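Q: Pasting the sequence and the predicted coordinates here, then a few questions.
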Amino acid sequence: MAYIVPESKIFACTQSVELAKKIAEKYGTHLGEVKISRFSDGEFQPSFEESVRGARVFIIGSTNPSCENLMEMLLMLDAAKRASARHITAVMPYFGWARQDRKDKPRVPIAAKLVANLLESAGATRIITMDLHADQIQGFFERPVDHLYASTIFLPYLQSLGLEKLCMASPDMGGSKRAYAYSKYLNSEVVVCYKQRKQANVIDTMELIGEVEGRNVVLVDDMVDTAGTLVKAAELMKERGALSVRAVTTHAILSGEAYERIENSQLEELIVTDSIPLKRESKKIKVLSCADLFAEVMHRVHENTSISSKFIM
């Protein structure tokens, strides 16, 4: 008996509706209808307003705080499971709570592992995400994880700038692997910043390992939160004689005074994806869409074909 490919349907969590619309358009379909009912105390209930029985369901939603974003994804996964969907894929452009991927001091949780358990318990049979804060988070899952890299989006843009004497930089030691991967592809030099923190989001000291004088520097990171690290790194590199400093960061969390810091910084531009919607526009922030990447990978997952060509790093 011939295998019958199940119908594919795409739904969006509230926080990712705009990106999901772009993905659905590139995929060649429309977003499925979801209704969110809310109680007066803040509790909410999502419901699919169409049948998903026997279908391959893609639920698109980044899980950046607040906690409602993660909770909505979990509830939609559970609803799809209880509505007899055949395959349920959690498409998470930004996998939130990933910075807590280990115990860095006593008596703290490993939130990334907890979130992985919750997603699987809720009904996810596959995860598609992009630029995890730590690659090893893939190992927290017992289900397949397609870990995509925004380098497939950023590299063509960087090449289009035609920058001479290009130098890739990592704002911390942990991101050096990412910077080296970019430099290998672009045939450029690499420098690394060494920073120490006294507490989260507050840098105590920062030093530069490498030479940036007379070079056009591009900082590479997976996320930008308060922008303190990027701004301080850009200042340090300009002091050391860099011609220009740009930054590419996949996930634009941009909390607190991040926008003000970026607009008043030495950065020429900050290049991000639309994995998280911007709170407001900025003349220094350029957004490149990840919709094409996710739509293509979702197509290949649905058709059971290889996605290896989508991995540059």
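A: In hand now; what should we look at? Numbering: from 1, shown residues only.
Q: Which positions in the helix or strand harbouring residue 121 come out as buried?
A: Element membership of residue 121, judged by DSSP states H and E, is helix 111-122. Neighbour-count burial for helix 111-122 flags 112-113, 115-116, 118-120, 122 (criterion: 16 or more other C-beta atoms under 10 Å). All C-beta atoms are positioned from the backbone trio N, CA, C, and that covers glycine.
Q: quick check, distance from it to the centre of its chain.
A: From the chain centre to the centre of helix 111-122 is a distance of 17 Å (C-alpha atoms, centre = their mean, to the nearest Å).
Q: average pLDDT for it?
A: Mean pLDDT, helix 111-122: 98.
Q: so what does it touch, helix or strand wise?
A: Where contact means 3 or more C-beta pairs under 8 Å, 6 or more residues apart in numbering; DSSP states H and E, helix 111-122 is packed against helix 67-82.
Q: Can you name the next helix or strand after the helix it packs on?
A: strand 87-92.
Q: quick one: contacts of that next one?
A: Residues from elsewhere that reach strand 87-92 (C-beta atoms under 8 Å, 6 or more residues apart in numbering): 6, 23, 55-63, 73, 77, 80-81, 119, 123-129, 294, 298, 301.
Q: Just the ones of those residues in strands?
A: The strands, defined by DSSP state E, take in 56-60, 126-129 from the contacts of strand 87-92.
Q: which of the residues you listed lies closest to residue 46?
A: residue 59 (9.7 Å; C-beta to C-beta).
Q: lowest-pLDDT helix or strand in the protein?
A: strand 202-209 (a mean of 75; mean pLDDT, DSSP states H and E).
Q: any idea of the mean pLDDT in the very next helix or strand once past it?
A: Sequence order places strand 216-224 as the next helix or strand after strand 202-209, per DSSP H and E. Regarding strand 216-224, the rounded mean pLDDT is 97.
Q: so residue 213 touches residue 242, yeah?
A: Yes - taking contacts as C-beta atoms under 8 Å, residue 213 lies within contact range of residue 242: 7.1 Å.
Q: Which one's more surrounded, the two?
A: When neighbours are counted by other C-beta atoms under 10 Å, residue 213 and residue 242 differ, and residue 242 comes out ahead with 23 against 11.
Q: Torsion angles phi and psi at that one?
A: Dihedral angles of residue 242 (phi, psi; degrees, to the nearest 10) stand at phi -60, psi 140.
Q: Tell me the pLDDT of it.
A: Model confidence at residue 242, expressed as pLDDT, equals 97.
Q: same deal with residue 198?
A: 60.
Q: Could you list the residues in contact with stretch 112-125?
A: 63, 70, 73-75, 77-78, 80-82, 85, 87-90, 95-101, 127, 133-134, 137, 140-143.
Q: Just the buried ones from these, in PyMOL syntax?
A: Command for PyMOL, covering only those of the contacts of stretch 112-125 found buried under the criterion 16+ other C-beta under 10 Å:
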select buried, resi 63+70+73+74+75+77+78+80+81+85+87+88+89+90+95+96+97+98+100+101+127+133+137+140+141
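Q: Tell me where this structure has helices.
A: 17-27, 67-82, 111-122, 151-161, 176-186, 228-239, 258-263, 291-302 (DSSP state H).
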